[in-house]
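The sequence isn't on hand, but the structure is:
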């Protein structure tokens, strides 16, 4: 039994949810609008500012989709009300980030600066030169763009240099020992 899938999703004030016949869910809120196609096998019922997701059978693929469908809809509602953010930290001598209009410019020890254009619906903020905050209403896009930024220089275990998430722990290794 999916414990997550059984929880009802409460719709807060100021959020409008529409579910059409093909299980397309459209969520409008103060921060914007999101649209997601949910698997046709899942049954979506909306009553009294609550959405319930139910599955037709206990087959493995229906059990897998049950909790996922509920979480996708809940993330859409949280996204249009509060939004999502990921904070990245840059460590290393000479490593820094800067914002130039809609571009994020990273100096990461390469012979050239890395310039990245902000994707649609994503807002990037650089409060200081070693911190990058990625914000948006779509959780998948925020996480994906933060991962793309991190991919340029993953943190290495010997000196801890690179780009890491703020809550990420880099396990440090001891270097070579002399004779």
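Nice, thanks for sending it over. Everything quoted here is computed from the prediction, not taken from an experiment. Residues are numbered from 1 along each chain as shown.

Show me which positions of the longest strand seen in the chain end up buried.
Counting residues, the longest strand found in the chain (DSSP state E) is strand 84-91. Buried residues in strand 84-91, counted by 16 or more other C-beta atoms under 10 Å: 84, 86, 88, 89, 90, 91. Every residue, glycine included, has its C-beta placed from N, CA and C.

Return the member of those nearest to residue 12.
Nearest to residue 12 among the buried residues of strand 84-91: residue 84, at 16.0 Å, using C-beta to C-beta.

Let me know how buried the residue nearest to residue 162 when sequence neighbours are not counted is, in neighbour terms.
Spatial nearest neighbour of residue 162, chain neighbours left out: residue 155 (3.7 Å); criterion: C-beta to C-beta, 6 or more residues apart in numbering. For residue 155, the number of neighbouring residues by other C-beta atoms under 10 Å comes to 21.

on that earlier part again, helix or strand right after the longest strand of the chain?
The first helix or strand that comes after strand 84-91 along the chain, using DSSP states H and E, is strand 96-100.

Would you agree residue 141 falls within a strand?
No: counting by DSSP: H, G, I helix; E, B strand; the rest coil, residue 141 is not part of a strand but helix.

Test my guess that it contacts residue 119.
Yes: the criterion here is C-beta atoms under 8 Å, and residue 141 meets it with residue 119 at 6.5 Å.

Excluding sequence neighbours, find me the nearest residue to residue 10.
The shortest distance from residue 10 to any non-neighbouring residue, by C-beta to C-beta, 6+ apart, is to residue 50 (5.7 Å).

Give me the contact list for stretch 59-76.
Stretch 59-76 is contacted by residues 2-5, 7, 9, 25, 27, 34, 36, 38-39, 41-42, 44, 51, 53-56, 139 when judged by C-beta atoms under 8 Å, 6 or more residues apart in numbering.
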